[in-house]
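> structure, please.
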Amino acid sequence: MPESFFVLSKDYLELAVDEITAIAKMYDRFSKIKVISNLVIVQSKTSWTEITKRATFVKISGQILRKMSGLFLDEEHVGILKNEKTFVCRVVNLSSNQFNIPELESSMGDMISKFSHVKVNFENPDITVYLIFTNGENFFGFSKRVKNQIRPKKVKKHPHELDWKLTRVMINLIGLKKGETVCDPFCGTGTTLLEAESMGIRAIGLDFDEKMCEMAKENLKENGYRSEVLNSEFPGLLKISEKFDGIVTDLPYGVSSKTTEKPQEILKKFFSIIPKRKKVAIMYKKELDINSKLTGLKKYHIYRHKSLTRTILIK
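I've put the predicted structure just below:
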């Protein structure tokens with residue numbers, strides 16, 4: 001079975017690793033995962049490109065050709081360059097050893113050129129050949145050129161809107177698939193709706209503030225998206241529970257309804273009305289954490305700055 005590699009950003013590393021695992025298992029529940037620091041090796045029938053399209057914190061990704069017992073290449077292992085015109089070599093050192101990386105990359109490039117007669121192109125190669133060093137194992141892999149994904153546009157913004165990267169991670173952590181529907185009962189300017197639609201997931205947003213609803217609708221229209229936006233308090237999700245498969249939301253910092261309520265009370269009330277058998281990812285201020293009766297939870301603490309740490313809760 002093919003093996004893919006993913007070198008992840010070390011920002012929110014636990015989140016990043018769990019996200020890759022969740023995506024891989026979503027596509028292929030028999031996927032096998034191996035983690036070496038910020039390198040994740042996935043053995044799966046799903047291609048690395050499909051997983052990378054969904055992931056948030058991937059810096060480098062590609063397909064593993066084989067483990068290397070030594071630094072050498074031969075004709076058998078440069079077959080990946082067949083029908084390609086240009087390539088470049090890159091060394092990724094995740095080990096504690098020190099290497100002369102430019103010299104290694106140059107040596108690899110010269111070696112591959114002799115076997116394949118493919119030209120080196122540093123700017124925009126058809127294929128990138130990787131040598132990945134870790135303290136335990138070394139890997140030889142490659143990635144082909146792929147189109148950069150187009151980010152959803154936002155014409156209307158708000159100072160306290162949900163971070164798009166954390167939104168995307170939450171959607172992925174609960175394993176929502178293309179064609180399924182996510183609900184954000186505090187949708188604000190529509191970040192969750194935009195990220196979901198960019199991944200082929202339908203979305204429904206609720207917000208008590210009519211102005212926020214209009215901003216979300218404008219952002220959706222700008223991208224040609226068709227998510228539904230309802231001007232409603234969060235308990236309104238109970239009326240539409242049959243329309244969605246999961247909930248992804250960021251509970252507001254302060255008052256989130258037209259009647260003044262403490263954030264702690266809002267959190268308790270929100271937990272009490274979550275429909276059963278729904279996938280859930282909720283973000284809120286860590287200070288508001290409570291002993292919940294929800295089962296199967298995992299929590300991540302996201303440090304934003306000295307006075308603010310957020311909690312992401314996954315059900």
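> quick check: can you name the pairing partners of the longest strand anywhere in the chain and their directions?
Ordering each strand of the chain by length in residues (DSSP state E) puts strand 58-68 first. Strand 58-68 sits in its sheet next to strand 3-8 (antiparallel), strand 138-144 (antiparallel), going by DSSP bridges.
> which parts of the shortest one are buried?
Read that as strand 3-8. E3, S4, F5, F6, V7, L8 (16 or more other Cβ atoms under 10 Å). In this view, the C-beta of every residue, glycine as well, is placed from N, C-alpha and C.
> identify the bridge partners of the fourth one.
Right, F6. For F6, the beta-bridge partners are V40, S61 (DSSP bridges).
> doesn't S96 belong to a strand?
No: according to DSSP: H, G, I helix; E, B strand; the rest coil, S96 belongs to no strand; its state is coil.
> one step back: chain center to the longest strand of the chain, what's the gap?
18 Å (Cα atoms, centre = their mean, to the nearest Å).
> mean confidence for that strand?
When pLDDT is averaged along strand 58-68, the result is 83.
> residues in contact with it?
Applying Cβ atoms under 8 Å, 6 or more residues apart in numbering, the external contacts of strand 58-68 come out as 2-9, 16, 20, 41, 47-48, 51-52, 55, 77, 80, 90, 92, 128, 130-131, 137-143.
> go again using 6 Å as the cut-off
With contact meaning Cβ atoms under 6 Å, 6 or more residues apart in numbering, strand 58-68 is reached by 3-7, 9, 48, 52, 137-143.
> ok, so of these, who is nearest E222?
T52 (25.5 Å; Cβ to Cβ).
> and that closest one, helix, strand or coil?
From three-state DSSP, the assignment for T52 is helix.
> what is the burial count for the spatially closest residue to it that is not a sequence neighbour?
Leaving out its chain neighbours, the residue that sits closest to T52 by Cβ to Cβ, 6 or more residues apart in numbering is S61, at 4.6 Å. Neighbour count for S61, taken as other Cβ atoms under 10 Å: 22.
> so what touches stretch 276-286?
170, 173-174, 246-251, 274, 301, 309-315.
> about what we covered before: which one among the buried residues of strand 3-8 gets closest to E214?
The shortest approach to E214 among the buried residues of strand 3-8 belongs to L8, at 37.3 Å (Cβ to Cβ).
> quick check: the closest one touching N38?
Yes: between L8 and N38 there is a contact under Cβ atoms under 6 Å: 4.6 Å.
> thinking again about what came up before, quick check: the farthest pair among the contacts of strand 58-68?
S9 and F140 (22.9 Å).
> in what helix or strand does F270 lie?
Using DSSP states H and E, F270 sits in helix 263-273.
> for the record, mean pLDDT for that helix?
81.
> how far off centre is it?
Relative to where its chain is centred, helix 263-273 has its mean C-alpha point 27 Å off (Cα atoms, centre = their mean).
> domain-wise, how is the protein divided?
Per automatic domain parsing, the structural domains of the chain span 3-144, 164-314.
> before we move on, back to that, with neighbour numbers in mind, choose between S9 and F140.
Neighbour comparison, S9 and F140: the larger count goes to F140, with 19 against 14 (by other Cβ under 10 Å).
> who does that one bridge with?
R66, L131.
> and it, how far is that from F30?
For F140, the distance to F30 equals 25 Å [Cβ to Cβ, to the nearest Å].
> now Y303
35 Å.
> let me know which of the strands paired with strand 58-68 is the nearest to R151.
Judging those by Cβ to Cβ, what sits closest to R151 is strand 3-8, at 19.4 Å.
> okay, the helix holding F270 in CSV with CA atoms only?
Taking Å, rounded to 0.1, in the frame of the first residue of the first chain, the C-alpha atoms of helix 263-273 are listed here in CSV:
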residue,chain,number,x,y,z
PRO,A,263,-20.6,33.3,29.0
GLN,A,264,-20.4,30.5,31.5
GLU,A,265,-24.2,30.1,31.4
ILE,A,266,-24.2,30.3,27.7
LEU,A,267,-21.7,27.4,27.5
LYS,A,268,-23.7,25.3,29.9
LYS,A,269,-26.9,25.9,28.0
PHE,A,270,-25.3,25.2,24.7
PHE,A,271,-23.9,21.9,25.9
SER,A,272,-27.3,20.9,27.2
ILE,A,273,-29.0,21.3,23.8
